[in-house]
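Student: Need the 3D shape of this:
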Amino acid sequence: LEWIWHKLINSFCHVSTIVTSDKYSRFKTKYLPTFPYELNDPKLTPIFFKALGVRSIISSQEAYDILSRIADDYKSRKNHFNELLVEFIIFLTNDSLKNFKCYYNKNVLLSSNLRLCSPSDLKIDDMSWRKVGSSINKQTEFVHEDIHPRVAFNLGAKSIRSNNFTTKEFTITDFGQHENISDRINNLKREFPCDVTIFKELLQNAEDAGATEVVFLLDEIDYSSKKRSLCFSKEEQPNWQNYQSYSSLLVYNDSSFSEGDIAGIQSLGLGGKKDQHTIGKFGLGFNAVYHITDSPCLLTRRRSDENISFCVFDPFRKFLEIQAQDRPGIRLNFTSAELRRFPDQFCSYSFDSLPDLTKGDYSILKLPLMNEDIVMEDMLTELISQVSNYIIFLQNIKRISVLKRDKDGTHTLGKLHITVTQSTQLPQHYLTNYNYKYLDNVDIFIKEIYMGKDISSAASRKRKKLSPENTWLLFTNNGCIQQLEGSCPAVRKHKTMFEREKLTHVYGGVAVEVPVNSSSRVGGSCLYSYLPIGSDTPSEFPILVNAPFILQPERQLIRFKDITETSDDWADIWHSVIIEHVITPLFVSLLLYLKDKSLLENILEHMSSEDYYNWYYSLY
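Tutor: Reported below is the predicted structural model:
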């Protein structure tokens, strides 16, 4: 059954042109026939109408076509629409076209003179205060007053106000406080030191993304002759070929950028607070790379959908001719197969020197070395000497490699491998004399850090009888601010303030380096917020302390001092809560645990009891 006799039209109608909705039936128009009311049995409708192919609603495009058909029918007529048809046109326009973006220019919009006109010929009356009889009234035909202005605007009508602003008497120009992107980046660079700290920022981004491996590769090969199969032709981007002429630092990790990450890395760290569960994901710290380069470039692949994104930042407009003033860069999306169509473009990514990219996610940040004052190999050497201190409290990263590639091949400058040899929870009896309910899930880790050039596998370490560079005992705890309410009056008093500042994730950690022999000693202390904090303020503990301290963009402490009963500074109060109710209990638990040397016997078998307890009491 495809055709139904409709008595209102006095002809057959195709089922696709008929609807069952009562909201149209009152208009009794041939342009949208409704099913006879006597057949609208609620029990019958769902099955019967579905079987016939009759619908209860129409699409926006169908409504647009109906209005166009009405206009065509009345084009040669002298008489205007009758009152019921006018009501139908208004209802159909407001009901079915309210979210319709129009790209045509047909006569579908009802005017105040009751004509269906092209939207571009009508004006929305948004200046009702104008004087009657003004030139606007005499020369302008308006959208019917019952048509919603937003619908008329979507269809293509312009407002009286905007029409006036295009005349000589009225003009609109861009206005407002702003800052040139290149100036903004130059200002941000002053907030971050131009030293090995840059690598710390890149490690924190990889940690936040869940990466387990990071590779820093200094590529000194000249790719300037590779110009044929680039992503952009010389005609499209005349300066793009120059991008290949620089030595580069490649930073690889085995995680991918989500769409949210790609949006975040474009923000220059402006506006909004970072997720407290991350160390500082793609915030201001990423901009430290502009000490190295004027144009960083990102290549990232998600294994789940085989999508590869190629993103080029060009804030100083050296390589790309881009019209958008506020987004000086470009992004390309393609598959692995399409990437292979541009071998000259991606030969500088040293795929053969990196871990196997076919197995999973990856991100490669390319930093062309454009600052002649920086000797990158010296910076990487300094990184190797310090990196073992960076990763003590990191939860994801387990391997870091520093490589160099030149005309003689790829060379290993240094590698770090971390193994967790023991992982357990603190037995409850260590907490019975320390009444802090918050410490009901203290985790204990023993981490061994190996440094060298051939330490990637356990077999190679065993074959060479390598000992770990450092062995660390960690006590860690994770929770939320609500868990501290019962034991901490300051949390109950300032809970709203903490939540306003998004300080809801409470974590803590203490670490002590375990002496592997009688000559080993641990000196000094340091504060961490997962990564070391560059602060002159010493820790009050003879150990490493990890906590959610409030930091400035360059990872300096905002403040760290004792508070009084009248203190109202949220950062001071927060730090006091963390130290008193998280770090201090963890430190006491660590001391109680270490009283029993047998618990570490497997790694202290060569250390005498006298040496052990001399070391132990040095922690007090």
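Student: Tell me where the stretch 301-450 of the chain is predicted with low confidence.
Tutor: Along the stretch 301-450 of the chain, segments meeting pLDDT under 70 span 323-325, 428-440.
Student: where do the helices sit along it?
Tutor: 336-339, 343-346, 376-390 (DSSP state H, counting those that start in this stretch).
Student: From Ile418, how far out is the residue nearest to Glu338 when sequence neighbours are not counted?
Tutor: Excluding the flanking residues, the one nearest Glu338 by CB to CB, 6 or more residues apart in numbering is Ile308, at 7.9 Å. The C-beta positions use only the backbone N, C-alpha and C, and glycine is treated the same way. Plainly put, Ile308 is 30 Å away from Ile418 if you go by CB to CB, to the nearest Å.
Student: Same check on Val214?
Tutor: 12 Å.
Student: Likewise for Thr496?
Tutor: Noted for Thr496: a distance of 40 Å to Ile418, by CB to CB.
Student: again, but for Leu97
Tutor: Counting by CB to CB, the gap from Leu97 to Ile418 is 61 Å.
Student: and what of Ser598?
Tutor: 25 Å.
Student: who has more neighbours, these two?
Tutor: Ile418 (20 against 7; other CB atoms under 10 Å).
Student: who's in contact with stretch 87-107?
Tutor: By CB atoms under 8 Å, 6 or more residues apart in numbering, the list of residues contacting stretch 87-107 from outside reads 23, 27, 29, 31-32, 58-64, 66-68, 70-72, 75, 81, 108-110, 116-120, 144, 146-148, 150-151, 154-156.
Student: how close does Glu377 sit to Tyr617?
Tutor: 44 Å.
Student: higher neighbour count, these two?
Tutor: Using other CB under 10 Å as the criterion, Glu377 and Tyr617 rank with Glu377 on top: 13 against 9.
Student: what secondary structure does the spatially closest residue to the more buried one that is not a sequence neighbour sit in?
Tutor: Of all residues beyond its chain neighbours, the one nearest Glu377 is Leu218 (6.2 Å), with distances taken as CB to CB, 6+ apart. Under the three-state scheme (DSSP: H, G, I helix; E, B strand; the rest coil), Leu218 adopts strand.
Student: Leu218 touches Thr410, doesn't it?
Tutor: No. The criterion here is CB atoms under 8 Å, and Leu218 misses it with Thr410 at 10.0 Å.
Student: what touches both of the two?
Tutor: Joint contacts of Leu218 and Thr410 (CB under 8 Å, 6+ apart) are Leu403, Lys404.
Student: residues in contact with the residue nearest to Glu377?
Tutor: Contacts of Leu218 were listed using CB under 8 Å, 6+ apart, and they are Ser247, Ser248, Leu249, Leu250, Met376, Glu377, Leu380, Leu403, Lys404, Arg405.
Student: Show me where the stretch 201-350 of the chain has its strands.
Tutor: 213-219, 248-253, 297-302, 307-313, 329-334 (DSSP state E, counting those that start in this stretch).
Student: Need the contact partners of the longest strand anywhere in the chain.
Tutor: Longest strand of the chain, by residue count under DSSP state E: strand 409-425. Applying CB under 8 Å, 6+ apart, the contact partners of strand 409-425 are 217, 350, 353, 377, 380-381, 384, 387-388, 391, 397-405, 441-456, 458, 461, 468, 603.
Student: can you rerun that using 7 Å?
Tutor: If you take CB atoms under 7 Å, 6 or more residues apart in numbering as the criterion, strand 409-425 is touched by 353, 380, 384, 387-388, 391, 398-404, 441-453, 455-456.
Student: Narrow those to those that are buried.
Tutor: Neighbour-count burial (16 or more other CB atoms under 10 Å) applied to the contacts of strand 409-425 gives 353, 380, 384, 387-388, 391, 398-404, 442, 444-452, 455-456.
Student: circling back to that earlier point, please work out which of the strands of the stretch 201-350 of the chain is packed deepest.
Tutor: A comparison of those by mean neighbour count, using mean count of other CB atoms under 10 Å, puts strand 248-253 on top with a mean of 25.
Student: if we can go back for a sec, so which of the contacts of stretch 87-107 are in strands?
Tutor: Checking the contacts of stretch 87-107 against DSSP E, those in strands are Leu109, Leu110, Leu116, Cys117.
Student: Only the buried residues of stretch 108-119, if you could.
Tutor: Val108, Leu109, Leu110, Ser111, Ser112, Arg115, Leu116, Cys117, Ser118, Pro119.
Student: can you pull up the bridge partners for the nearest residue to Leu299 once chain neighbours are set aside?
Tutor: Nearest-residue entry for Leu299: Ile364, 4.6 Å, with adjacent residues in sequence omitted and distances by CB to CB, 6+ apart. Per DSSP bridges, the residues bridged to Ile364 are Tyr252, Leu299.
Student: Next: Leu332.
Tutor: In beta-bridge terms (that is, DSSP bridges), Leu332 pairs with Phe310.
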